[in-house]
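[1] just a sequence and a predicted model for now, questions to come.
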Amino acid sequence: MIALRRRVRLPEPAASGDTALRATGLTVRRGGRDVLTGVDLDVRHGEILALVGPNGAGKSTLLAAFCGDVAPAEGTVHMSGAPLDAWTPRELAMRRSMLPQQHTLSFAFDAIEVVRMGRVPWAATELEDDDEQAVAQAMRETDTTAFAHRPFTALSGGEQARVALARVLAQRAATTLLDEPTAALDIKHQELVFAVAKAQAARGHAVVVVVHDLGLAAAYADRVAVLAAGGMAACGPAEEVLTASLLSEVYQYEIEVIPHPRTGRPLVLPQR
């Protein structure tokens with residue numbers, strides 16, 4: 001165990017604005033087809049970056065490439081200034097956490113046991129002492145404390161989604177990747193997820209979230225990356241990127257965008 005401690009490179013502190021992840025010329029092929037082509041994108045500490053676009057645009061594939069779950073056919077992905085393959089799996093887990101779309105378990109672990117799984121990367125390090133505090137905080141933030149001792153498999157889909165998010169938060173990685181975290185949630189808990197993401201960014205973390213609800217992206221994201229047909233259609237502040245003309249073209253559906261009367265943020269509405 002002592003030798004293991006020597007081999008592991010613990011994360012260095014990062015300041016808001018520092019680059020957490022960088023994709024350069026990223027191309028990903030699946031089944032002989034390019035699903036991402038020539039994507040250049042930076043993810044910064046201290047911000048929420050929303051990935052939006054129609055089905056099949058490449059959003060989840062880009063997130064998986066950032067995570068290291070899929071290898072580029074061309075281009076590179078760097079994390080904390082080094083290629084992803086320069087880090088061991090454990091070192092990656094100390095630096096980035098990933099919430100997938102699906103949450104499946106083979107055994108009936110209690111919810112709190114699932115959340116504790118997020119602390120595995122820190123075993124046998126000085127941060128292991130934070131385990132219980134990290135788990136408790138993550139469950140409070142995701143409104144899951146009340147069913148901490150219920151089997152994960154007995155929870156509703158929305159409750160499972162929140163427990164899975166709590167596991168990601170308990171991991172306390174400086175970069176958080178979320179793939180459609182609000183898909184199974186009611187409106188209260190959709191807002192809760194993005195409030196948590198906002199709090200993470202305020203702590204200096206980098207948050208990347210794939211989301212279909214353009215209203216949530218507009219309300220909470222510091223930057224929005226619009227993907228279409230495997231490429232980057234636009235990236236920037238919501239007010240600049242989420243325009244009626246661009247969204248109508250990308251989604252192939254007439255979309256209206258009006259400023260919120262109080263915040264000025266875009267309200268995105270399909271024409272009906």
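    Looks like it arrived, so ask away.

[2] where does this structure have low pLDDT?
    Along the chain, the parts satisfying pLDDT under 70 run over 1-7.

[3] how about the helices of it, start to end?
    Ranges of helices in the chain, per DSSP state H, are 2-7, 59-67, 89-95, 111-116, 131-141, 157-171, 187-202, 214-220, 238-241, 244-251.

[4] mind listing the strands for the stretch 1-150 of the chain?
    With DSSP state E, counting those that start in this stretch as the criterion, the stretch 1-150 of the chain has strands at 19-30, 33-44, 47-52, 74-79, 82-83, 96-99.

[5] quick one on the thing from earlier: which among the helices of the chain is found nearest to Ala50?
    For the helices of the chain, proximity to Ala50 was assessed by CB to CB; helix 214-220 is nearest, at 3.9 Å. In short, each C-beta sits where N, CA and C put it, glycine included.

[6] show residues contacting that closest one.
    Outside helix 214-220, the residues that touch it by CB atoms under 8 Å, 6 or more residues apart in numbering are 48, 50, 52, 182, 190, 194, 197-198, 211, 224, 238, 242, 247, 263, 265-268.

[7] same check, this time on stretch 115-133
    1, 4-5, 8, 10, 90, 93-94, 97, 134-135, 138-139, 144, 148, 163, 166-173.

[8] how about 6 Å then?
    The list of residues contacting stretch 115-133 from outside it, by CB atoms under 6 Å, 6 or more residues apart in numbering, reads 1, 4, 90, 93-94, 135, 138-139, 166-167, 170-171.

[9] can you dump the C-alpha coordinates of it into PDB?
    Provided in PDB are the C-alpha atoms of stretch 115-133 (Å, rounded to 0.1, in the frame of the first residue of the first chain):
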ATOM      1  CA  VAL A 115     -22.500   7.000  -3.100                       C
ATOM      2  CA  ARG A 116     -19.500   5.700  -1.100                       C
ATOM      3  CA  MET A 117     -18.200   4.100  -4.400                       C
ATOM      4  CA  GLY A 118     -17.300   7.600  -5.500                       C
ATOM      5  CA  ARG A 119     -14.600   7.700  -2.800                       C
ATOM      6  CA  VAL A 120     -12.700   4.600  -4.100                       C
ATOM      7  CA  PRO A 121     -10.000   6.700  -6.000                       C
ATOM      8  CA  TRP A 122      -8.900   8.300  -2.700                       C
ATOM      9  CA  ALA A 123      -8.400   5.000  -0.800                       C
ATOM     10  CA  ALA A 124      -5.000   4.900   1.000                       C
ATOM     11  CA  THR A 125      -4.400   8.600   0.400                       C
ATOM     12  CA  GLU A 126      -4.500  11.500   3.000                       C
ATOM     13  CA  LEU A 127      -7.900  12.400   1.500                       C
ATOM     14  CA  GLU A 128      -9.400   9.100   2.600                       C
ATOM     15  CA  ASP A 129     -10.300  10.800   5.900                       C
ATOM     16  CA  ASP A 130     -12.800  13.000   4.100                       C
ATOM     17  CA  ASP A 131     -14.900  10.000   2.900                       C
ATOM     18  CA  GLU A 132     -17.800  10.200   5.300                       C
ATOM     19  CA  GLN A 133     -18.100  14.000   5.200                       C
END
